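Pasted the sequence and its predicted model underneath.
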Amino acid sequence: MTAPDPATVRVGDLAVWKREGRRFIMLTAYDHPTARLLDAAGVPVLLVGDSLGMAVLGHPNTLTVTLRAIVHHAAAVARGAEHALLVGDLPFRSARGTPERVTRDACRLLGAGGMHAVKLEGGGPAVELTSHLVARGIPVMGHLGLTPQSLHALGGWRVQGRGAQARTALLAAIRELEEAGAFAVVLEGVPAALGAELTRSTALPTIGIGAGPGCDGQVLVLHDLLGLTPGGGPRFARAFADVAGAITQAARAFQDEVAAGRFPDDAHSYR
Ligand code: KIV
């Protein structure tokens with residue numbers, strides 16, 4: 001038996017980083033070339049999120065994303081990543097299914113999709129599903145706050161956890177997720193002070209997106225990070241590059257060079 005690669009990230013590492021106060025990042029990935037680049041750049045956690053529907057497939061929300069689509073993209077990501085911990089999202093329909101269905105779908109994400117863990121949105125019934133999966137040896141990352149799969153129930157893309165009752169409910173939900181055996185939790189769209197309070201309240205590593213700087217880690221959707229989201233994305237997103245500009249410029253340069261008869265030149269032609 002070969003020893004595990006020391007640079008490979010495991011689910012338990014996130015709790016160690018939390019205890020050590022080491023902040024970390026997670027990024028979404030949907031295909032082989034970007035997974036390869038992000039993995040080589042040292043991104044420790046890659047999430048094949050159901051944001052796939054919005055970022056890549058042009059849907060208005062995540063509700064239409066199928067397990068089949070996530071597994072298809074997950075397998076491409078898994079072929080590109082050597083060291084990162086790979087997490088696959090359980091889409092809307094799986095996450096609202098029976099324990100049997102959610103187990104079957106999670107097994108497909110870990111089997112055919114090559115993921116190491118799944119992510120499940122919400123508290124309440126999702127906590128029970130989390131216990132069910134964890135008991136079967138499937139690591140689960142939770143997701144609380146503005147959970148996009150509950151978009152309609154929440155009445156839109158609204159910041160969650162405002163007001164005493166909502167705050168108490170989130171504090172209870174994160175405790176339940178910890179007891180259910182989740183290994184980490186995404187906190188999305190909550191006030192920064194609550195993001196910090198939730199993080200202090202639990203041994204679970206928290207990964208924030210629009211949840212302020214007090215979380216243990218931060219996640220961004222890759223297309224927001226790269227400046228590929230039309231209009232710049234939500235308030236919490238920051239573009240760290242202008243890839244949209246680079247793509248437009250490359251396409252125009254190609255067009256100009258062909259129109260001018262400068263491409264292909266000798267160096268790019270066969271003799
Ligand atoms: O689907 C996704 O990409 C997510 C992240 C925004 C956390 O859930």
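Happy to help now that I have it.

what's the neighbour count on the residue in the chain that the ligand sits nearest to?
Closest approach between the chain and the ligand, counting by Cβ to the nearest ligand atom: Gly49, at 2.2 Å. The C-beta positions use only the backbone N, C-alpha and C, and glycine is treated the same way. Applying other Cβ atoms under 10 Å, we find 29 residues neighbouring Gly49.

Roughly how far does it sit from Ala74?
Distance from Gly49 to Ala74, counting by Cβ to Cβ, to the nearest Å: 10 Å.

how about the strands in the chain?
All strands of the chain, identified by DSSP state E, fall at 24-28, 45-48, 85-89, 117-121, 140-145, 184-188, 206-209, 217-220.

what does the stretch 151-271 of the chain put close to the ligand?
186, 209, 219, 221 (Cβ under 6 Å from any ligand atom).

Save these as a markdown table, and put in pLDDT too.
Shown next, in a markdown table, are those (pLDDT from 0 to 100):
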| residue | pLDDT |
| --- | --- |
| Val186 | 98 |
| Ile209 | 98 |
| Val219 | 98 |
| Val221 | 97 |
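
most neighbours, which of those residues?
These, ranked by neighbours (other Cβ under 10 Å): first place Ile209, 26 neighbours.

who touches it in this structure?
186-189, 218-221, 236 (Cβ atoms under 8 Å, 6 or more residues apart in numbering).

Now do the contacts for the most centrally placed residue in the chain.
For the chain, the residue sitting closest to the mean C-alpha position, by Cα atoms, centre = their mean, is Leu47 at 3.5 Å. When contacts are counted by Cβ under 8 Å, 6+ apart, Leu47 touches 26-29, 87-89, 119, 219.

Quick check: of the residues you listed, which lies closest to Leu63?
Asp89 (12.4 Å; Cβ to Cβ).

Now for the nearest residue to the closest one once chain neighbours are set aside, how many residues are close by?
Nearest in space to Asp89, with sequence neighbours left out and distances taken as Cβ to Cβ, 6 or more residues apart in numbering, is Asp50 at 4.4 Å. The tally of other residues near Asp50 (other Cβ under 10 Å) stands at 30.

Asp50 against Ser94, yeah?
No: applying Cβ atoms under 8 Å, one finds Asp50 not in contact with Ser94, separated by 9.8 Å.
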